[in-house]
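Undergrad: need a 3D model of the sequence below.
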Amino acid sequence: HPMNTSLGASLAPGLSFLRPALLLALALLVLAPNASAASRDMRLTGSHGLQGRSAYQPVIQQQAGKWIAYVGHHAGHAINPLTGRDEQSGTSILDVTDPARPQLLHHLPGAGGGAQMARVCKGDHFGAAHAGRTYLLRTLGEEAHETWDVSDPARPRRLARIGPVAGTHKNFWECDTGIAYLVSGAAGWRTGRMTQIYDLSDPARPVFIRNFGLVGQEPGARGPVPTGLHGAISTGPAGNRVYFGYGTNRDGVMQVVDRRKLLEGGRRDTAADLLAPQVGRLDMTAHAGAHTTFPILGMEVEEFKRDASRARDFVLVVSESLASNCGEARQMAWMADVSSEERPQFISSFTVREAHGDFCRKPGRFGTHSSNESMAPVYYRRLVFLAHFNAGVRVVDVRNPYALKEVAWFIPDAAGCAACGTPQTNNVEVDERGYIYITDRAGHGLHVLELTGAARAIADFSQRR
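TA: Numbering: from 1, shown residues only. Below is the predicted model of the structure:
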């Protein structure tokens, strides 16, 4: 490092014997895991401050030869530099075609609760009238869901609003069909978060299909209320499965659902109709939730090569840390084998060693929050990326799902926003080029990263777009 060299050269000649020891000490300080910025086999490519807004979900979409990032925000407000107006935090839209220089194109104001969730689909599969169009589905605070035409990302146009609802969160949108699984609070339901399923293949004209949740959450039910929904991920018509995650940091449930039966079966808010499409269910402990349920399907595991059914299916279940300074059970990522869907089971787990960076003494949360959800072939079935709050983003080799292994990590530098405090990496996503995008809960913005070294060698960049 030039800094180290100049300091060593400034030593008086009579103290030159100290140079090697001092240089080694300085090098260790720079590379120490608990330094303000640190990494292993990852490098920073570019960043954007996002006006210091607390950020949640990023999604990356290729549009008209460019790469566009849509970033959902938590509640808050800041000056929009494009308009000069103070705006409620909502959805930031950035051009990341050059990942070293992200450029803000537009900020869509949110409501009092922000606009945490963003999903983006091209309209090419939605019928001839939508060919060449690009659409945004987002939450509006805790009160509604919205669809927007973002074909020109610098000039979004609102199409429809779904609501009012009594709560929103982590939606999923099938880009091949237009079916959307909206996390909502619906009238009469016994939980603030369940699923409302809509056909959004014409984003300007939402069509309601049905409500869905765990038995015991439906109107008129009695007894204990199961933990609320956090979100779902669908494999679409081809996979015919939807993986629902319930719970945040306790009483989690990972539910495997037959998509066709869910959409075409009984649609009453009764226990029988809620249970009918369920294929399997995995109940977690009282100290872990299911924030993200990321399917990693069709994996050929080395240890099963002699097994005729060696291709196996897995779901990565990620719990969310909520308490600062380790004031709760450790939240982590769990790998579930769902090859026998009716009886899924956890077969491995991943967490960061607290001693690696003295994370419990640092301000903020320590533990997982979410994984990437893109199935970009550069990384799929090879690496997953986990947002780990004050431990940054962690990269995990999943080629052997029974023995998860950390291979890289990156903790943002706090210097970019002194008022923000300790970085809190909240969400992570990847694109088909292989870039990694992390957003920060504490206001440190968006960081664009690349893998280096041995971690990069695990990825398959022959699949890069």
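
Undergrad: hmm, Pro377 and Ala459 touching each other?
TA: No: taking contacts as C-beta atoms under 8 Å, Ala459 lies outside contact range of Pro377: 9.6 Å. Glycine gets a C-beta too; all of them are placed from N, C-alpha and C.

Undergrad: settle it for me: which of the two has more neighbours?
TA: Taking other C-beta atoms under 10 Å, Ala459 and Pro377 do not tie; Ala459 has more neighbours (20 against 16).

Undergrad: tell me the contacts of the more buried one?
TA: Shown in contact with Ala459 (C-beta atoms under 8 Å, 6 or more residues apart in numbering): 378-379, 382-383, 434, 451.

Undergrad: give me that answer again for 6 Å
TA: By C-beta atoms under 6 Å, 6 or more residues apart in numbering, the contact list for Ala459 reads 378-379, 382.

Undergrad: below-threshold pLDDT in the stretch 251-400 of the chain: ranges please.
TA: Along the stretch 251-400 of the chain, segments meeting pLDDT under 70 span 306-309.

Undergrad: what segments of it are strands?
TA: 253-258, 278-283, 292-300, 311-318, 333-337, 345-350, 366-371, 383-389, 393-397 (DSSP state E, counting those that start in this stretch).

Undergrad: ok, which of those strands comes nearest Ala442?
TA: Ala442 lies closest, by C-beta to C-beta, to one member of the strands of the stretch 251-400 of the chain: strand 383-389, at 9.3 Å.

Undergrad: list the helices and strands the closest one packs on?
TA: Applying 3 or more C-beta pairs under 6 Å, 6 or more residues apart in numbering; DSSP states H and E, we find strand 383-389 packed against strand 366-371, strand 393-397, strand 425-430.

Undergrad: contacts for the last one?
TA: Outside of strand 425-430, the residues within contact range by C-beta under 6 Å, 6+ apart are 56-58, 369-370, 372, 374, 376, 379, 385, 387, 392-393, 436-439, 441.

Undergrad: could you pull up the mean pLDDT of it?
TA: On average, the pLDDT along strand 425-430 is 98.

Undergrad: restrict it to CA atoms and write it as CSV.
TA: In CSV, the C-alpha atoms belonging to strand 425-430 read as follows (Å, rounded to 0.1, in the frame of the first residue of the first chain):
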residue,chain,number,x,y,z
THR,A,425,-26.0,-4.5,4.6
ASN,A,426,-29.7,-5.2,4.2
ASN,A,427,-30.2,-6.8,0.8
VAL,A,428,-28.2,-8.2,-2.1
GLU,A,429,-28.8,-9.0,-5.7
VAL,A,430,-26.8,-10.1,-8.7
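
Undergrad: got the angle between it and strand 292-300?
TA: 40 degrees (axes from the mean of the first three to the mean of the last three C-alpha atoms, to 10 degrees).

Undergrad: ok, then the element right after strand 425-430?
TA: strand 436-440 (DSSP states H and E).

Undergrad: which residues touch Ala387?
TA: Neighbour list for Ala387: 369-370, 393, 425-428 [criterion: C-beta under 6 Å, 6+ apart].

Undergrad: oh, that last question was meant for Tyr181, not what I typed.
TA: 172, 195, 197, 232.

Undergrad: contacts for stretch 324-343?
TA: Contact with stretch 324-343 is made by 249, 256, 279-280, 282, 287, 312-321, 344-351, 360, 364-368, 386, 401, as judged by C-beta under 6 Å, 6+ apart.

Undergrad: helices along the stretch 101-250 of the chain, start to end?
TA: Assigned helices in the stretch 101-250 of the chain, in chain order: 236-239 (criterion: DSSP state H, counting those that start in this stretch).

Undergrad: quick check: phi and psi at the residue nearest to Ser54 when sequence neighbours are not counted.
TA: Spatial nearest neighbour of Ser54, chain neighbours left out: His74 (4.0 Å); criterion: C-beta to C-beta, 6 or more residues apart in numbering. Main-chain torsions, His74, degrees, to the nearest 10: phi -70, psi 180.

Undergrad: what's the burial count for His74?
TA: So His74, with other C-beta under 10 Å, has 17 neighbours.

Undergrad: and Pro226, by the same measure?
TA: 19.

Undergrad: residues contacting it?
TA: Pro226 is in contact with 214, 216-217, counting by C-beta under 6 Å, 6+ apart.

Undergrad: quick check: Ser39 touching Phe410?
TA: Yes: Ser39 is within contact range of Phe410, at 4.3 Å (criterion: C-beta atoms under 6 Å).

Undergrad: which one's more surrounded, the two?
TA: Taking other C-beta under 10 Å, Ser39 and Phe410 do not tie; Phe410 has more neighbours (27 against 20).

Undergrad: my read is that one is in a strand, agree?
TA: Yes: membership of Phe410 in a strand is supported by DSSP: H, G, I helix; E, B strand; the rest coil.

Undergrad: residues contacting it?
TA: For Phe410, the contact set (C-beta under 6 Å, 6+ apart) comprises 39, 42, 392-393, 449.

Undergrad: let me know the closest of these to Arg133.
TA: Within the contacts of Phe410, proximity to Arg133 (C-beta to C-beta) peaks at Leu449, which comes in at 30.4 Å.

Undergrad: my guess is that closest one meets Tyr437, correct?
TA: No: if you go by C-beta under 6 Å, Leu449 and Tyr437 don't touch, sitting 7.6 Å apart.

Undergrad: and Tyr246, how many neighbours?
TA: So Tyr246, with other C-beta under 10 Å, has 29 neighbours.

Undergrad: switch to numbering from 21
TA: In the new numbering, first residue 21, that becomes Tyr266.

Undergrad: quick check: the gap between it and Leu471.
TA: 32 Å (C-beta to C-beta, to the nearest Å).

Undergrad: please apply the same query to Lys425.
TA: Distance, Lys425 to Leu471, by C-beta to C-beta: 15 Å.

Undergrad: repeat for Arg261
TA: Using C-beta to C-beta, Arg261 is found at 30 Å from Leu471.

Undergrad: so if I had to pick from the two, which one is more boxed in?
TA: Legend: neighbour count by other C-beta under 10 Å for Arg261 and Leu471, higher for Leu471 (26 against 23).

Undergrad: for that one, give me its contacts.
TA: Counting by C-beta under 6 Å, 6+ apart, Leu471 makes contact with Met62.

Undergrad: just His311 next, same as before
TA: Applying C-beta under 6 Å, 6+ apart to His311 gives the contacts 250, 338, 340, 390.

Undergrad: do that again at 8 Å, thanks
TA: Taking C-beta under 8 Å, 6+ apart, we find His311 in contact with 190, 250-251, 265, 267-268, 338-340, 388-390.
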